[in-house]
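J.: Return atomic coordinates for the entry below.
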Amino acid sequence: MIFYDEYDKFLGADKASLEFFNCRDIYDFDEKIGDVANLFVKKEGYIYKFENYNWIDFVNYSEEPIKKVLISIDDAIYEAEIKISEIFPIININDSSVIYGIEFKNPTKVKNDDVELGDVSKIETIDEITINSTKELPPVNTKISIDISKNAEAIEVDEELYRDLLSDFVIENAKYIKIAEDSIKKSDYSNIGYVVSVLKSISINLKLDDLIPVLNAIDRDVRNKNYKNIEKFLEIYKKEVDSIEHFIDKNS
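T.: Coordinates of the predicted model:
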């Protein structure tokens, strides 16, 4: 497994991954590779380092059940399934509230002759891919479970107060979402960045880890001035908050 922070900065790797990528240690990996997406072969039907869309977000939120990559390592090319796990550290690393653990499962060496890149200009753009892949938003985990006792203890409040804080968050969240939606209509994306920073701060404080990755996706798109998918991510976020509200109602 390879680890990156929410700002796409390499943090480390396990021994098996270092051996797979023919690196002596993590410093060798960081120097020679850095961003593992630099090794992805650009070919239709596979994840690659998109020009105008973050590949980690695509893996996390595309509705495709299996995402694959072609990885070029030295003189060989491997096909592998890609899986990304979201890890929430107790102590933030590089001010990152979530760590992405990236696995390449079932790597299979393919012949270079089998990888015919052709004219990459004919590959559909990531904007088209994204629209197709998020036409129906990914199903939200309606069975979301919040450990009220654990979270209340973590922020040093009693359970009743924590429940009240969750309810207040849902109410306040609706106000911020309205601001974000109005900002989208006005193309005021800097204001969306402010809204996301507030919501992310509250989510971290309340230990609502499930909300962090999609807020990071919106924040990353704002910072990269990639505005085409913000509205879709906002819809995903709203559904996640709806599932929290459902949990509160069910457990009140």
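J.: Near residue 7, how many other residues are there?
T.: Residues within reach of residue 7, counting by other C-beta atoms under 10 Å, total 12. To be clear about C-beta, it is placed using only N, CA and C from the backbone, and glycine gets the same treatment.
J.: Need the three-state assignment for it.
T.: Using DSSP: H, G, I helix; E, B strand; the rest coil, the secondary structure recorded for residue 7 is coil.
J.: shouldn't it be in contact with residue 96?
T.: Yes: here residue 7 reaches residue 96: they are 6.4 Å apart, a contact under C-beta atoms under 8 Å.
J.: who are the neighbours in contact with the residue nearest to residue 52 when sequence neighbours are not counted?
T.: By the measure of C-beta to C-beta, 6 or more residues apart in numbering, the closest residue to residue 52 outside its immediate chain neighbours is residue 226, 5.4 Å from it. The contact partners of residue 226, taken as C-beta atoms under 8 Å, 6 or more residues apart in numbering, are 52, 53, 54.
J.: Let me see the domain layout of the chain.
T.: By the assignment in automatic domain parsing, the chain contains the domains 2-133, 148-250.
J.: Mean pLDDT added to those, as TSV?
T.: TSV is the format used below for the domains of the chain (pLDDT from 0 to 100):
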stretch	mean pLDDT
domain 2-133	81
domain 148-250	89
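J.: quick one: residue 17 is in a helix?
T.: Yes: Residue 17 sits within a helix when classified using three-state DSSP.
J.: Give the ChimeraX command for selecting the buried subset of the contacts of residue 226.
T.: The following ChimeraX command selects only the buried members of the contacts of residue 226, with burial defined by 16 or more other C-beta atoms under 10 Å:
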select :53,54
